[in-house]
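**Student:** Build me a structure from this.
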Amino acid sequence: MNRRHLLAAILAAAPIAAFADYPEKPITFIVPFAAGSATDQLARALGTAVTAEAKQPVVVDNKPGANAFIGAQAAAKAPKDGYTVFITTNTTHAANEHLFKKLPYDPVKDFEPVAMLSKGGQILVVNNNLPVNNVQDLVKLAKSKPGKLSFGYGSSSSRIAGEMFKQMTGTYIVSIPYRSNPPAVTDLIGGTIDMMITDMATGLPQVKGGKVKALGVSTAKRIPLAPEIPTIAEAGVKGYEISFWFAAYVPAGTPAPVVARLNDILAKANRSAAVTNFYAQSGFEALGGTPEDLRKFQTAESEKWRKIIAGAGIEKE
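**Tutor:** Model prediction:
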């Protein structure tokens, strides 16, 4: 090897060598939703697995509110060193750009994709005192009382699921925004709102605990965790189907060797007993792949959510 080739090889290896010991200190997971949300539960399960794999503690930092803008901004502005990881969903990285005229962050330019994590469906739940026992009952009641019923949402996925339901059933149900899904579920149990379509991890435990009634799931097929609950489509709203996904990102400009190492750590964590158990209890499906796979997936999902939002008749705010 001549001197020029030797120098080139040394320079190419230098960035990798510089980050060979990553991680050397605690890692922070920023979650743009409240404690108890599906994203929060996943982040904590992942954190446990990452700590075991990387031998460094993981701190989960919940920054809910403002349509997940707060968490996304904080993650985008974090140091580009791999010690702040954004555990998020299609809300921040595929839906928000089509729901709002202006975002305080750029879902593409401000972030470096790290890893796809999982995907899942949602569940339509209503207050126990609402005089309905199935989707058809709910539609009839809503049509008999236009503007009198309300649904809460604490994420773009939850919001769009509700708006799709309204559009496809020809009902007028008042939309009530929340900082995250857990506080909306609390109000649903208390009777402040009448219904919502939320993630399985947040809604299904309340159903099994008898605190709310489940009328349907948003997936194309029934979920193994609760096979007695019909899909919203088979319950009467033909063609209804919507799901969401989780993924990990870091600030744009984070060194490629760190991104590659994080991808490897998260891939192993995503197959751990703690995370696998969470998925099994929540009805989620594990995903995987390279950072480039996530980049391509996000592009395709952004277009998919653009069409869903347009089809639901939602205008940009």
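**Student:** Residue 245 - that's part of a strand, no?
**Tutor:** Yes - the assignment for residue 245 (DSSP: H, G, I helix; E, B strand; the rest coil) places it in a strand.
**Student:** mind checking how far the helix or strand containing residue 72 is from the chain centre?
**Tutor:** Assignment of secondary structure by DSSP states H and E places residue 72 within helix 69-76. Relative to the centre of its chain, helix 69-76 is centred 14 Å away, using C-alpha atoms, centre = their mean, to the nearest Å.
**Student:** Quick one: name whatever helix or strand follows it.
**Tutor:** If you walk from helix 69-76 toward the C-terminus, the next helix or strand you reach (DSSP H and E) is strand 84-89.
**Student:** Could you please name the strands that following strand pairs with and the direction of each pair?
**Tutor:** Strand 84-89 has these partner strands in its sheet, going by DSSP bridges: strand 27-31 (parallel), strand 243-251 (antiparallel).
**Student:** Now distance to residue 115 too, for the ones you listed, in CSV please.
**Tutor:** (Each C-beta comes from the backbone N, C-alpha and C, glycine too.) As requested, the strands paired with strand 84-89 are exported to CSV (distance: least, C-beta to C-beta, whole Å):
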stretch, distance to residue 115
strand 27-31, 13
strand 243-251, 5
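**Student:** Show me the one of those strands that comes nearest residue 20.
**Tutor:** Distances from residue 20 to each of the strands paired with strand 84-89 were compared using C-beta to C-beta; the shortest belongs to strand 27-31, at 16.8 Å.
**Student:** Just the CA atoms of the closest one, as CSV, please.
**Tutor:** In CSV, the C-alpha atoms belonging to strand 27-31 read as follows (Å, rounded to 0.1, in the frame of the first residue of the first chain):
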residue,chain,number,x,y,z
ILE,A,27,-28.5,8.2,27.3
THR,A,28,-31.6,10.2,27.3
PHE,A,29,-34.8,9.1,25.5
ILE,A,30,-37.0,12.1,24.7
VAL,A,31,-40.7,11.1,24.4
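**Student:** Average pLDDT for it, rounded please.
**Tutor:** Strand 27-31 comes out with an average pLDDT of 98.
**Student:** outside of that strand, which residues touch it?
**Tutor:** 37, 39-40, 43, 46-47, 50, 54, 56-64, 71, 74-75, 78, 82-88 (C-beta atoms under 8 Å, 6 or more residues apart in numbering).
**Student:** And that strand, how far out from the chain middle?
**Tutor:** On the basis of C-alpha atoms, centre = their mean, strand 27-31 is displaced by 15 Å from the centre of the chain it belongs to.
**Student:** Check stretch 227-238 too.
**Tutor:** Taking C-alpha atoms, centre = their mean, one finds stretch 227-238 lying 23 Å from the centre of the chain it belongs to.
**Student:** sorry, back to before: taking the strands paired with strand 84-89 together, which one is wrapped up most tightly?
**Tutor:** The highest mean neighbour count among the strands paired with strand 84-89 belongs to strand 243-251 (a mean of 24), with neighbours defined as mean count of other C-beta atoms under 10 Å.
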